[in-house]
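[1] Okay, sequence plus prediction incoming.
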Amino acid sequence: MDYRQQVADAVADSINNQISTNDIYGKIEKPKTPENGDLAFPAFILAKELHKAPQMIAQDIVNNIDGSQFDKVVAVGPYVNFFLDKGKVSKQVMSDILTDKEHYGDNYDGKDQTVTIDMSSPNIAKPMSMGHLRSTVIGNSISEILKKNGYKTVKDNHLGDWGTQFGKLITAYLKWGNEDDVKRDPIHYLVQYYVKFHKEDQKDPELDEEAREWFKKLEDGDPEATKLWEWFRDVSLKAFNNTYKTLGVSFDTYNGESFYNDKMDEVVDILKKDGLLQESQGAQVVDLSDDNLNPALILKSDGASLYITRDIATALYRERTYHPVMNLYVVGSEQTNYFHQLKAVLKKMGVENADGVHHIPFGLITVNGKKLSTRRGNIILLNQVLDESIAMAKQQIAEKNPDLPNKDEVAKQVGVGAIIFGDLKSERINSIDFVLEDQLKFEGETGPYVQYAHARSESILRKSGKKELNESANELTDEGAWEVIKLLQAFPEVVKQARNEFEPSDVAKYSLRLAKAFNKYYAHSKILADDDEQDARLDLVKSVAIVLKESLRLLGIEAPDQM
């Protein structure tokens, strides 16, 4: 039931449809305090049309309106405040949830249209650090939110598996590497070699030249260079996939930069054919002055391609393969200007879905105030943080609930969930400073707090002895439950809002509000009291359990039934 629509229809009828229902619908507000009702219409927007003072219009609406479908309708100054019928609304909302279960809030706005999501994209032969967390979990959550809205998604892990850094790594391995060490702990030693290269090349400039020569050999298909590159790639992917498995994140494709090596000549040919390439100081560029952007450098003066050349090839491949309505790039905010250039070039090329190219920027992540850098050796490994978080969760469980079944599984759900929620609870554009101990608290704005509210709801249902509840819920007039009901009713709109803004924090913040409201209700209500509204209260608890679990799922977080 769309209660805004109900209010808009009632207001339109009361003024004999002198203003369209759609215009009225768009002006309906939610009062800041519950004392002023559940929805409000500002009558002053009708003053010019009706030639009356807003206060008089508000009172006329109250006098003329059919209030039978509402609990109460009152005029307060220029506002008409609507109090919804708590019994009818609670029954409708809870019946919808108990019927639809985890599909409550689903919509089909996407109409099975495809969206590609460029996300995570770690560099081969380097570890996944905390710096890779944001793109991975933001992209994964956006995918789940889009699917909830009826879209199909293709999660593309565009691996950094090509470039001059491989010349440096091959050089470093051949000078200082040990095969047995790499086999025993590949990422650890490959990073050590990479860091050592950047220290040594400051003292020995010839190292850079040697690295360039090895990368040229790799580009030319030299057997030794190719064998080392493939080895570095294979061991890196195995390590990455262990981390992804812990996070609960999967991908539809791992087409890295190397996949597009043979697809860039076509890009240059198209740009030349369309007359878009211009020479500038020996290099080839696309003029973007019409878009108030700097020229896009396509080829260097020596004929070498750049990132944008490869990304144009990638966009063309995705267009032809998936025919996406949107092509999302979940990449840090420092690359905003670059993606403006990419989109502008694609539009000049006439790429069909160029308008659907969207950069999904996010802020920097620091750990204890420090920026992360692989080159400088200042890295905090993501898998180590995940392991530490799981261990800390396990310790808390041992202290608070030592007899908990499946302790190891629950510790993983809580530990991993805490890290993901800690990232997603803030608007993605904001930078965050990650402090693990803060994310694992069971109080405050944390993942464990929401998970515990869900576990509490499941515990109440177990104690009630009612395993199954009727899909047709009972009316609940309990005043204390009303805030919970209103939040449950708002969930489908939150799902749409998060989609429109590509903003997982909308769901995370919603889950916190719902958990807080439910915990308050639990503290002040005797839910299992044997009276006429017990069944209705249990309907509410089950509804909360369903929606909290689904909210966490949209964030990529599991919801334990016991904690």
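    Alright, I've got the coordinates. Numbers count the residues shown, from 1 in each chain.
[2] Please verify my assumption that A8 contacts E29.
    No: checked against C-beta atoms under 8 Å, the pair A8 and E29 is beyond contact range at 12.0 Å. In this view, the C-beta of every residue, glycine as well, is placed from N, C-alpha and C.
[3] the more surrounded of those two?
    Shown here are A8 and E29; by other C-beta atoms under 10 Å, A8 has more neighbours (23 against 13).
[4] what ranges do the helices span in the stretch 1-150 of the chain?
    Under the criterion DSSP state H, counting those that start in this stretch, the stretch 1-150 of the chain contains helices at 3-14, 21-25, 47-50, 54-64, 86-100, 133-148.
[5] just checking, what packs against the first one?
    Contact partners of helix 3-14 among helices and strands, from 3 or more C-beta pairs under 8 Å, 6 or more residues apart in numbering; DSSP states H and E: helix 21-25, strand 39-42, helix 54-64, strand 79-84.
[6] Where does pLDDT dip in the stretch 451-563 of the chain?
    467-468 (pLDDT under 70).
[7] do the chain as well
    For the chain (pLDDT under 70), the answer is 370, 372-378, 467-468.
[8] For it, which segments count as strands?
    In the chain, the strands defined using DSSP state E lie at 39-42, 70-76, 79-84, 114-118, 152-156, 277-280, 283-286, 296-299, 326-330, 357-360, 365-367, 432-434.
[9] what's the span of stretch 173-180 from first residue to last?
    Stretch 173-180 has an end-to-end distance of 12 Å (criterion: C-alpha to C-alpha, to the nearest Å).
[10] Contacts made by that stretch with the rest, please.
    Residues outside stretch 173-180 that contact it (C-beta atoms under 8 Å, 6 or more residues apart in numbering) are V182, Y189, L190, Y193, K196, L228.
[11] show me the contacts for the fifth one.
    Yep, that's K196 we're talking about. Counted by C-beta under 8 Å, 6+ apart, K196 has contacts A172, W176.
[12] next one: the first one
    Neighbour list for V182: Y173, Y189, L190, W231, V235 [criterion: C-beta under 8 Å, 6+ apart].
[13] Next: the second one.
    Residues in contact with Y189 (C-beta under 8 Å, 6+ apart) are G177, N178, D181, V182.
[14] give me that answer again for 10 Å
    Neighbouring residues of Y189 by C-beta atoms under 10 Å, 6 or more residues apart in numbering: A125, Y173, W176, G177, N178, E179, D180, D181, V182, K183, V235.
[15] most neighbours, which of the residues you listed?
    A125 leads the contacts of Y189 on contacts (other C-beta under 10 Å) with 29 neighbours.
[16] For A313, state which of the contacts of Y189 is nearest.
    A125 (22.9 Å; C-beta to C-beta).
[17] From F83, how far out is the closest one?
    Remark: distance between A125 and F83 (C-beta to C-beta, to the nearest Å) = 63 Å.
[18] Kindly report the same for Q562.
    With C-beta to C-beta as the criterion, Q562 and F83 are 38 Å apart.
[19] again with Y449
    Distance from Y449 to F83, by C-beta to C-beta: 31 Å.
[20] With P31 instead?
    10 Å.
[21] Can you get me a residue count around L346?
    Based on other C-beta under 10 Å, the number of other residues close to L346 is 22.
[22] Please apply the same query to Q278.
    When neighbours are counted by other C-beta under 10 Å, Q278 comes out with 13.
[23] So for stretch 181-199, what gets flagged as buried?
    Residues V182, P186, I187, Y189, L190, V191, Q192, Y193, Y194, V195, F197 are the ones in stretch 181-199 that count as buried (16 or more other C-beta atoms under 10 Å).
[24] any idea which of these is closest to A473?
    Using C-beta to C-beta, these come closest to A473 at I187, 52.4 Å.
[25] Was I right to think the closest one contacts L169?
    No: I187 is not in contact with L169 according to C-beta atoms under 10 Å; the separation is 11.9 Å.
[26] just how off-centre is stretch 108-124 within its chain?
    Mean-position distance between stretch 108-124 and its chain equals 11 Å (C-alpha atoms, centre = their mean, to the nearest Å).
[27] sorry, back to before: mind checking the helices and strands packed on helix 3-14 for the one nearest to E352?
    Of these, nearest to E352 by C-beta to C-beta is helix 21-25, at 31.7 Å.
[28] returning to what we had before: including distance to M349, could the helices of the stretch 1-150 of the chain go into a markdown table?
    A markdown table is the format used below for the helices of the stretch 1-150 of the chain (distance: least, C-beta to C-beta, whole Å):
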| stretch | distance to M349 |
| --- | --- |
| helix 3-14 | 43 |
| helix 21-25 | 38 |
| helix 47-50 | 48 |
| helix 54-64 | 53 |
| helix 86-100 | 44 |
| helix 133-148 | 25 |
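[29] Much appreciated, bye for now.
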